[in-house]
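*Asks:* Fold the following.
(2 chains, ligands or ions: 2)
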Amino acid sequence: MSLDHPTPLELSRRRLRAGRSRRSTLTALVSTLVFATVLYLAVTSAPGWPRTQATFLNPQVAWDSLPKILEGLWLNIRVLAVAAVATLVLALVIAVLRTLRGPVFLPLRLLATGFVDLFRGIPLIVLLYLIGFGVPALRFTDERINPVYLGTIALVLTYAAYVSEVFRAGIDSVHPSQRLGARSLGLSYGQSMKLVVLPQAVRRVTPPLLNDFVAMQKDVGLISLLGPLDAVRAAQIASQSTFNFTPYVVAALLFVLLSVPTARAADWAAARAARREQSGAML
Amino acid sequence: MIRRLRSSTGDGSMPPGPAARDTSLDLPPGPRRSDDVVLDVRGLVKAYDDAEVLRGIDLTVAEHEVVTLIGSSGSGKSTLLRCAGVLEPISDGQILLDGQDISDPRIDADDVRARFGVVFQAFNLFPHMTVLDNITLAPRVVHGVAPKEARQRAHALLSRVGLADKADAYPDRLSGGQQQRAAIARAIAVEPRVLLLDEITSALDPELVGEVLALVRELAAGGATILMATHEMGFAKQVADHVVFLDQGVVCEEGPPARVLGEPTQPRTQEFLRRVIDAGRL
Ligand SMILES: Nc1ncnc2c1ncn2[C@@H]1O[C@H](COP(=O)(O)OP(=O)(O)O)[C@@H](O)[C@H]1O
Ligand SMILES: [Mg+2]
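*Replies:* Numbers count the residues shown, from 1 in each chain, chains lettered A, B, ... in the order given. Ligands and ions are numbered 1, 2, ... in the order given. Model (predicted):
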């Protein structure tokens, strides 16, 4: 009857379960293998396969283009780091502005709402062009403004609009008693926000935030539209000089590799949040 | 009773005072000495949109006194406590704390709130902080107590509420009763003038109610000034100095617990108590 000495009934149940899980593992393995084989045969037997293989999967071209693309990716990573931090800060500010109540804050609230409506609505590509070419046209300075900066700004504006909504949902999900409890202790509105509401809100929205981060990781590639030599632009140049699309595949694989750790982190955070929800019944 | 007597005998030259209310059951409540009164609610009106939830409440809580609010759900107990604690703007009337008009819009509301200790039904503790951090937050951030001293005091408080070993635990590791005791510890950590307790046991499993009420009883015996909404009539009978029966936003009947709970004169009170007795809570 103890954990060390299960009853015969439990032992038979365990055997049953073990058998069942062995069978389902086997089924999964076999069906995956079959599917992969079919896919492989279908693709390689396609009439255009030899040509496709030569233009998209050329190992020599891949190897030759790799250094330049990696160099470009380093730019993407730096842009990503700056943009991600700037997005978080801006999004948090906008989200908090939108929670302010009372007529005094009406202009700020309207401003924040307008920001979200505007930048969530504009396609990122269009915004990149508008800022990338529009801002230099204003000629604030005689020097050429680095397009990387302009691209980063466009990225931050778009993502801040999205992420601020995620934060706002997080803020709204904090139980009203928490805010009231903080105020009842004498904490000011700002202190309650900073010390009580936001820490809980941020924790709750970590999974969707990581998801947005994955999306941003690949959207940094769009700054290549403005000309800077990032991974996508490097792939484009390599592709044009070799008349071969393999460099794009290389760039794609690198972006995937970049996003996998974040994707796993997002899974992990979501699982942890789910566990907390389940065990976290307050009373 | 004892506390009311004690606070009135502080000045021996005026023997009758509030204590007279206990012996002369049929008399209306006599005026209390003003220097005795900590919380003074006068003609409090609170409306949400057009719905008047509180319709002219008069209520006083004297120093070291335990006043319990009873009444059916929706009668306005929570609203009254929130208004008293300046957590909600009021629609009319006046609230005085130690003689200061705290319903005056010019006062610093954060400062006034810091002089109350409030505990709600549930979700009091901040789940992202340890119990210790919950307790030291207000002393550190609002009252400027040095972190080390705040921690020492918090440990002492936790021992007092029987949670010495839970200082570093997160609230979701505590039972409901332990959570409420920690919440009380947090409320008294700032040495409030008045404790406002809003049905702090009504979300608890029955077997956990006792430990929380025992703590309130202890605080009361220690001279705390308490205004609490409760469904625990037995507790009100034993610990309260004064019971206020709230009905649809007005004080329907009030007085010493023995009278209000034992020989209620108002039909609404009688009906309410009958229902409570049927529910087995008296
Ligand atoms: N924020 C609010 N907005 C509108 N109505 C409210 C609000 N809070 C409470 N009420 C109403 O006020 C009345 C009194 O509620 P409450 O003070 O919570 O009663 P009690 O605590 O005695 O159960 C109820 O009818 C309730 O619906
Ligand atoms: Mg209530």
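
*Asks:* now could you export just the CA positions of the helix or strand where residue B:227 lies as PDB?
*Replies:* In this structure, residue B:227 sits in strand B:226-229 according to DSSP states H and E. Output of strand B:226-229 as PDB, limited to C-alpha atoms (Å, rounded to 0.1, in the frame of the first residue of the first chain):
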ATOM      1  CA  ILE B 226     -11.000  48.300  14.800                       C
ATOM      2  CA  LEU B 227     -13.900  48.800  12.400                       C
ATOM      3  CA  MET B 228     -14.800  45.400  10.800                       C
ATOM      4  CA  ALA B 229     -17.500  44.000   8.600                       C
END
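
*Asks:* give the contact list for the residue nearest the centre of chain A.
*Replies:* Closest to where the C-alpha atoms of chain A average out (CA atoms, centre = their mean) is residue A:214, at 2.0 Å. Listed by CB atoms under 8 Å, 6 or more residues apart in numbering or on different chains, the contact partners of residue A:214 are A:259, A:262, A:263, A:266. Placement of C-beta: from N, CA and C, glycine included.

*Asks:* Likewise for residue B:120?
*Replies:* Here residue B:120 is in contact with A:177, A:180, A:181, B:183, B:198, B:199, B:200 (CB under 8 Å, 6+ apart).

*Asks:* ok, the fourth one - contacts?
*Replies:* Counting by CB under 8 Å, 6+ apart, residue B:183 makes contact with B:119, B:120, B:124, B:125, B:200.

*Asks:* Same check on residue B:161?
*Replies:* Shown in contact with residue B:161 (CB under 8 Å, 6+ apart): B:181, B:182, B:184, B:185, B:215.

*Asks:* can we see that at 10 Å?
*Replies:* By CB atoms under 10 Å, 6 or more residues apart in numbering or on different chains, the residues touching residue B:161 are B:135, B:178, B:180-186, B:188, B:211-212, B:214-215, B:218-219.

*Asks:* Return the item of the contacts of residue B:120 having minimum pLDDT.
*Replies:* The lowest pLDDT within the contacts of residue B:120 belongs to residue A:177, which sits at 88.

*Asks:* Please say whether there is contact between the helix or strand hosting it and ligand 1.
*Replies:* Secondary structure from DSSP H and E places residue A:177 in helix A:176-184. No: for a cut-off given as CB under 6 Å from any ligand atom, helix A:176-184 has no contacts with ligand 1; the smallest distance is 9.2 Å.

*Asks:* from the chain's centre, how far out does the next helix or strand after that helix sit?
*Replies:* Going down the chain from helix A:176-184, the next helix or strand is helix A:189-192, by DSSP H and E. Once both centres are worked out by CA atoms, centre = their mean, to the nearest Å, helix A:189-192 turns out to sit 30 Å from its chain's centre.

*Asks:* re earlier: give me the mean pLDDT for the strand holding residue B:227.
*Replies:* Here strand B:226-229 scores 96 as its mean pLDDT.

*Asks:* What segments of the chain are helices?
*Replies:* Assuming you mean chain A. A:8-44, A:49-56, A:59-99, A:106-121, A:124-137, A:147-173, A:176-184, A:189-192, A:198-219, A:231-242, A:246-279 (DSSP state H).

*Asks:* Not quite, go with chain B.
*Replies:* Going by DSSP H, chain B shows helices at B:2-9, B:20-23, B:77-84, B:109-113, B:131-141, B:147-160, B:176-188, B:206-221, B:233-239, B:257-262, B:267-278.

*Asks:* would CSV of these with distance to ligand 1 be doable?
*Replies:* Converted to CSV, these look like this (distance: least, CB to the nearest ligand atom, whole Å):
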stretch, distance to ligand 1
helix B:2-9, 25
helix B:20-23, 25
helix B:77-84, 3
helix B:109-113, 18
helix B:131-141, 24
helix B:147-160, 28
helix B:176-188, 17
helix B:206-221, 18
helix B:233-239, 15
helix B:257-262, 16
helix B:267-278, 12
